[in-house]
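Visitor: Test case, fold it:
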Amino acid sequence: MRNSLAVLLLAAGLPLFAAPPARKPAAAPASVAPKEMPHQIALFLASLSGDGKTEVKFKATAVGMRFYFEEPTGVTVYLWDNGGYHKEEFLKGMKLAKAVKRYSAIVETK
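Guide: Take a look at the predicted model:
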């Protein structure tokens, strides 16, 4: 009888110790949207996404006096001049890293 009672208590308490630890809920992703945005940038982003109809994926970086904007079809290179960036060239089919490297080589040879 004692053995049966001990086995019963052990069997009843075992699930308490075998329960998986409680998981913390996943943290919400941090927002990357700026607190303020110039009107021209807002219009550009809206048109880029077809007023919200199309998901947009791009990469961008600025190195020295140039800003690089990569999209699926290639990289647009902008040059800083007179207080703003002006389109210098579109490199069809090129990736961001290669475009930056290409223009870095041009600057170094001058």
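
Visitor: Point out where the protein drops to low pLDDT.
Guide: 1-22, 28, 107-110 (pLDDT under 70).

Visitor: all strands for it, in order.
Guide: When secondary structure is read from DSSP state E, the chain shows strands at 59-63, 66-71, 74-81, 84-92.

Visitor: Compute the number of surrounding residues for residue 88.
Guide: Applying the criterion other Cβ atoms under 10 Å, we find 16 residues in the vicinity of residue 88. (Each C-beta comes from the backbone N, C-alpha and C, glycine too.)

Visitor: which ones are touching the closest residue in space to residue 93 that isn't next to it in sequence?
Guide: Here the nearest residue to residue 93 in space, its sequence neighbours aside, is residue 74; by Cβ to Cβ, 6 or more residues apart in numbering that works out to 5.4 Å. Residue 74 makes contact with 90-94, according to Cβ atoms under 8 Å, 6 or more residues apart in numbering.

Visitor: quick one, which of the strands of the chain is packed in tightest?
Guide: strand 66-71 (a mean of 19; mean count of other Cβ atoms under 10 Å).

Visitor: Pull up the pairing partners for that strand, direction included.
Guide: Taking DSSP bridges as the criterion, strand 66-71 forms sheet pairs with strand 59-63 (antiparallel), strand 74-81 (antiparallel).

Visitor: Contacts for it, please.
Guide: Outside of strand 66-71, the residues that reach it under the criterion Cβ under 8 Å, 6+ apart are 57-62, 75-80, 85, 88, 94-96, 99-100, 103.
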